[in-house]
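Engineer: Next input, structure requested:
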Amino acid sequence: MERTSKLNNPSLENSTRGWINGLIGVVIFSGSLPATRLAVLEFDPVFLTVARATIAGLLALCLLWLFKEKRPARQQLVPLIVVALGVVVGFPLLTALALQYVTSAHSIVFIGLLPLATAVFGVLRGGERPKPAFWLFSILGSLLVVGFAVSQGLTASPQGDLLMLLAVVVCGLGYAEGAKLSRTLGGWQVICWALLVSLPVMAALTWYRLPASFSTISAPAWLSLAYVSLFSMLIGFVFWYRGLAQGGIAAVGQLQLLQPFFGLALAATLLHEQVSLGMLGVTVAVILCVAGARRFSR
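Structural biologist: Okay, the predicted model is just below:
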């Protein structure tokens with residue numbers, strides 16, 4: 001009976017696939033900030049940003065050539081540029097710069113704002129219309145994050161917190177624009193074409209910012225660069241954009257509420273960073289607000 005019900009309701013089955021793909025993407029993204037934090041200890045943040053985009057862009061070029069994908073239509077080029085500016089350049093660069101001032105555990109709390117940013121741009125760019133209660137929970141969650149930043153001494157590192165807020169905004173735009181484009185272009189194709197669009201500039205900047213020597217770079221830093229290039233920049237987006245396109249930007253975007261949990265666990269276990277009770281409390285409170293927002297996302 002249950003199987004028959006699913007067959008008779010393809011939208012439900014599609015939504016379920018969207019949640020599964022979205023969850024896989026979130027798990028992959030959860031390692032991004034801890035890996036970036038490790039990498040910027042030894043790599044210049046600008047070099048890290050352009051190098052990861054170049055590596056991922058070369059892999060994307062191989063995938064597009066291997067599967068003989070058709071070129072995007074002319075009207076899809078501007079959205080692809082927006083995606084590239086948001087998730088290929090903007091978010092990686094801003095977070096890499098921010099992590100020079102704050103720990104990855106501190107920055108992960110700001111990721112609690114990503115569902116709100118994604119949902120806002122889902123409304124503006126994707127035509128979705130959440131219920132009024134959605135915005136109440138979303139604004140409350142935002143206030144909790146800002147309050148946390150102030151209580152932790154905003155004046156001590158205004159650069160780090162401001163950079164993280166800007167990173168969340170541009171990432172939300174890149175997520176929503178990419179999800180909208182995925183409906184016509186395909187999930188993995190969107191991130192591959194966005195990487196390819198930015199590849200000439202990223203490759204040139206990688207060569208320009210190339211360090212004089214790599215002799216002092218440790219194995220953990222190289223592994224971190226490999227992770228953010230392969231998983232954070234490419235594989236994670238394959239699942240994430242597919243999930244957003246299948247299940248809805250505002251709805252599946254709320255899966256990011258799990259990312260702080262995963263990220264804090266990685267920061268504590270891999271980087272041995274201190275995760276305070278206050279940090280955990282604010283993260284849980286933000287997650288509850290985003291969960292309430294999800295209930296009224298449609």
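
Engineer: Where does the prediction get shaky in the stretch 51-200 of the chain?
Structural biologist: Counting by pLDDT under 70, the stretch 51-200 of the chain shows low-confidence ranges at 149-150, 152-156.

Engineer: can we see that at 90?
Structural biologist: 70, 99-120, 122-161, 179, 182-183, 186-187 (pLDDT under 90).

Engineer: In it, what residue spans correspond to helices?
Structural biologist: 77-83, 91-98, 104-110, 114-126, 132-151, 158-185, 187-208 (DSSP state H, counting those that start in this stretch).

Engineer: Of all the ones you listed, which one is nearest residue 48?
Structural biologist: Nearest to residue 48, of all these, is helix 91-98, at 5.3 Å by C-beta to C-beta. (C-beta placed from N, C-alpha, C; glycine too.)

Engineer: Among the helices of the stretch 51-200 of the chain, which comes closest to residue 56?
Structural biologist: helix 187-208 (5.3 Å).

Engineer: What helices and strands are in contact with that closest one?
Structural biologist: Contacts defined by 3 or more C-beta pairs under 8 Å, 6 or more residues apart in numbering; DSSP states H and E place helix 187-208 against helix 45-66, helix 77-83, helix 158-185, helix 236-247.

Engineer: buried sites along the next helix-or-strand element following it?
Structural biologist: Next helix or strand after helix 187-208 toward the C-terminus (DSSP states H and E): helix 219-227. Within helix 219-227, the residues that qualify as buried are 221, 224, 225, 227, counting by 16 or more other C-beta atoms under 10 Å.

Engineer: could you dump helix 219-227 to CSV, C-alpha only?
Structural biologist: Extracted in CSV, the C-alpha atoms of helix 219-227 (Å, rounded to 0.1, in the frame of the first residue of the first chain):
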residue,chain,number,x,y,z
ALA,A,219,50.5,17.4,5.0
PRO,A,220,47.4,18.5,6.9
ALA,A,221,47.4,21.8,5.0
TRP,A,222,47.7,19.9,1.7
LEU,A,223,44.9,17.5,2.7
SER,A,224,42.7,20.5,3.6
LEU,A,225,43.4,22.1,0.3
ALA,A,226,42.4,18.8,-1.4
TYR,A,227,39.2,18.6,0.6
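
Engineer: Name the residues that touch it?
Structural biologist: Outside helix 219-227, the residues within contact range by C-beta atoms under 8 Å, 6 or more residues apart in numbering are 31-32, 35-36, 38-39, 41-43, 48, 51-52, 55.
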